[in-house]
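1. predicted coordinates and the sequence they were generated for:
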Amino acid sequence: MIHLSRFVFMLFALVAAASLQAHHSFATEYDIGTTAQLEGRVTEVLFVNPHVEMYLEDDQGQSWNIQAQSVAALQSLGWARDLVSSGDRVRVSGYRSRSGSLRLYMVELELEQGRLISVNRNPVAGDSGAVAVAGHELQQPPSEQLIARLPGTWYFDVDKRLPGAPLELEFWQQPDGSWTARLDQEELPVSLFGDRVRMLLHRENAGGFAVTLELVGRLDVDRILGSVAMIEGSTNQVNLDASEFIALRSPPAPSDNRSSDPFDLTGVWRRLIGVGPLGRTNPQLNEPGMEVWSDFESGRYDPALRCMSVNPMRKYADPGLVEFIQSDQRLTVLYASKHDVRRVNLAQPEHNPDYPASIMGESIGRWEGGTLVIETTNFVPSVLTHNSEPVSSGATITERFWMEDGLLIMEARFEDPVYYRAPVMRRTAWQRADDAMMVSTSCDPDNFYRGMLFDGTIETYFQDRPAQQQP
């Protein structure tokens, strides 16, 4: 029996930021506002990457495709391969497919013996629609001191680890008298009232669902002290959890523990920060980019779904461990996820015009003191993130790696003026894990194609394939 209702789940079914970012955005396929609960008998279980799936026949005889997380993500929650088998009777609840087909993204699973399994953990939800500032307060005129002191560049940080911080926060007044801010290459709407400034930061959580963060700060001589509140959306991960921020007029002194000389990256590393305390920046597409994105936005043409390599901007968030093997000539990067390999030429000063274009591009590196700078170009047209924003052949990525306080910090800048109004920034941090077992995770594209066979859309998949991905 199926029970449909329109309500917003307080809990996102997002198991691990790492596993989600490496694959595709569930927000493009499933509607968090349309949920379903169904009962029936399992007819098949596919315990494979990129996502575990099962097929279920409900009590009306209808066949459903149920999608879950990756193998590694489910195993991290204690799910064994034999937890569910063909013939088991189960009850499943989750999010309905946006297409209206009989597909469900699983939030909870109840086994025949009454055991309830959830893919949620540590839920934290924002008060959707709530604001930390009352409407009448926003009507207060800004103080003369705020108007005089606010314009220009500030250096921004939060109360949680934010790799690459401080970030530059810039304020300026438009000719019409309104105010704008730019943080992390994202332009923000700004309201000034009294001695305070309010900004709205539109970000993404681990599953690609939109969230809005409200930043309200008070001017205090040469600094701005403020709060961070999630006012739309939710997350159940240790991310999007910053609660306070500070912005200073002068950048803080560099850490005494930041690397000043080249260092050896050789070894196994575990990523500590995925989405981060402020979520992911939404890429700012220009008009041509929006037109091309409309061909990709369904998520069907994400190469990760077919177990292919992805753009290096996404590899920083791959699940599993990363191993670096460094020599004077080359830095080789081995990803546990999907056996991917990336090679960075450390002895080649310029890009090779004859190097064959690829999704991961051609990477060359150089040392600037204690920072390794990697420049990547020569891409084939592809997509940037799990939300399928386009990447042109002229795109470039500049990554900077350094050691600080015992962690490997990475900051990446993606530029593609063909499709984007502003660069896209990504930051993360790694910790050495040389004692960890470097186990590669396989990926099987069969369940992706089987899903389209189930929907009856496999013919349109090839007919409607965007020109940028035609062979």
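-> All right, it came through fine. Residues are numbered from 1 along each chain as shown.

2. and stretch 67-86, what's buried?
-> Of the residues in stretch 67-86, 67-74, 76, 79, 83-84 count as buried by neighbour count, 16 or more other CB atoms under 10 Å. Every C-beta, even on glycine, is put in place using the N, C-alpha and C of the backbone.

3. so where's the stretch 151-300 of the chain uncertain?
-> Within the stretch 151-300 of the chain, the stretches with pLDDT under 70 are 205-209, 233-240, 273-276, 279-281, 295-299.

4. on that earlier part again, got TSV for the buried residues of stretch 67-86, with pLDDT and distance to W172 too?
-> Below are those laid out as TSV (pLDDT from 0 to 100; distance: CB to CB, whole Å):
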residue	pLDDT	distance to W172
Q67	87	45
A68	83	47
Q69	78	43
S70	76	43
V71	78	49
A72	71	45
A73	70	43
L74	76	48
S76	66	45
W79	78	51
L83	87	55
V84	88	56
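
5. restricted to strands, list those.
-> Those of the buried residues of stretch 67-86 mapping onto strands are Q67, per DSSP state E.

6. need phi/psi at the residue sitting furthest away from the middle of the chain.
-> Seen from the C-alpha centroid of the chain, the residue lying at the greatest distance (CA atoms, centre = their mean) is E144, 39.8 Å away. Main-chain dihedrals, E144, degrees, to the nearest 10: phi -60, psi -40.

7. look up how far L150 lies from it.
-> As judged by CB to CB, to the nearest Å, E144 and L150 stand 11 Å apart.

8. mutual contacts of the two, please.
-> Contact criterion CB atoms under 8 Å, 6 or more residues apart in numbering; residues shared by E144 and L150: none found.

9. can you give me the strands in the stretch 1-150 of the chain?
-> 3-6, 30-46, 53-58, 63-67, 89-97, 103-110, 116-118, 124-125 (DSSP state E, counting those that start in this stretch).

10. including distance to G394, could these go into JSON lines?
-> Below are the strands of the stretch 1-150 of the chain laid out as JSON lines (distance: least, CB to CB, whole Å):
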{"stretch": "strand 3-6", "distance to G394": "44"}
{"stretch": "strand 30-46", "distance to G394": "33"}
{"stretch": "strand 53-58", "distance to G394": "37"}
{"stretch": "strand 63-67", "distance to G394": "35"}
{"stretch": "strand 89-97", "distance to G394": "35"}
{"stretch": "strand 103-110", "distance to G394": "36"}
{"stretch": "strand 116-118", "distance to G394": "45"}
{"stretch": "strand 124-125", "distance to G394": "40"}
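
11. least reliable of the ones you listed by average pLDDT, please.
-> Per-stretch averages of pLDDT across the strands of the stretch 1-150 of the chain put strand 3-6 at the bottom, with a mean of 32.

12. mind listing what the strand or helix carrying V197 pairs with, with the direction of each?
-> Under the criterion of DSSP states H and E, V197 resides in strand 196-204. Within its sheet, strand 196-204 is paired with strand 186-193 (antiparallel), strand 210-220 (antiparallel), strand 280-281 (antiparallel), according to DSSP bridges.

13. separation between R115 and L56?
-> According to CB to CB, R115 stands 17 Å off from L56.

14. mind checking which of these two has more residues around it?
-> More crowded of R115 and L56, by other CB atoms under 10 Å: L56, with 25 against 9.

15. hang on, the more buried one packs against Q62?
-> No - judged on CB atoms under 8 Å, L56 makes no contact with Q62 at a distance of 9.1 Å.

16. domains in this structure, as residue ranges please.
-> For the chain, automatic domain parsing gives the domain ranges 3-121+446-469, 135-248, 267-432.

17. in stretch 434-452, what counts as buried?
-> 441, 443, 445, 447-448, 450-451.

18. who wins for proximity to D256 among the domains of the chain?
-> domain 267-432 (9.5 Å; CB to CB).

19. CA atoms only: put the strand holding V197 into CSV for me.
-> Coordinates of the C-alpha atoms in strand 196-204 are reproduced here as CSV (Å, rounded to 0.1, in the frame of the first residue of the first chain):
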residue,chain,number,x,y,z
ARG,A,196,24.7,46.0,11.7
VAL,A,197,25.0,44.3,8.3
ARG,A,198,22.9,41.4,7.1
MET,A,199,24.0,39.1,4.2
LEU,A,200,22.3,36.0,2.6
LEU,A,201,24.6,33.3,1.5
HIS,A,202,23.0,30.8,-1.0
ARG,A,203,24.9,27.5,-0.8
GLU,A,204,24.4,23.8,-1.3
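
20. chain center to it: distance?
-> 19 Å (CA atoms, centre = their mean, to the nearest Å).

21. swap in stretch 331-350?
-> For stretch 331-350, the distance to the chain centre is 22 Å (CA atoms, centre = their mean).

22. then stretch 430-444?
-> Worked out by CA atoms, centre = their mean, stretch 430-444 lies 20 Å from the chain centre.

23. that stretch: end-to-end distance?
-> End-to-end distance of stretch 430-444 (CA to CA, to the nearest Å): 28 Å.
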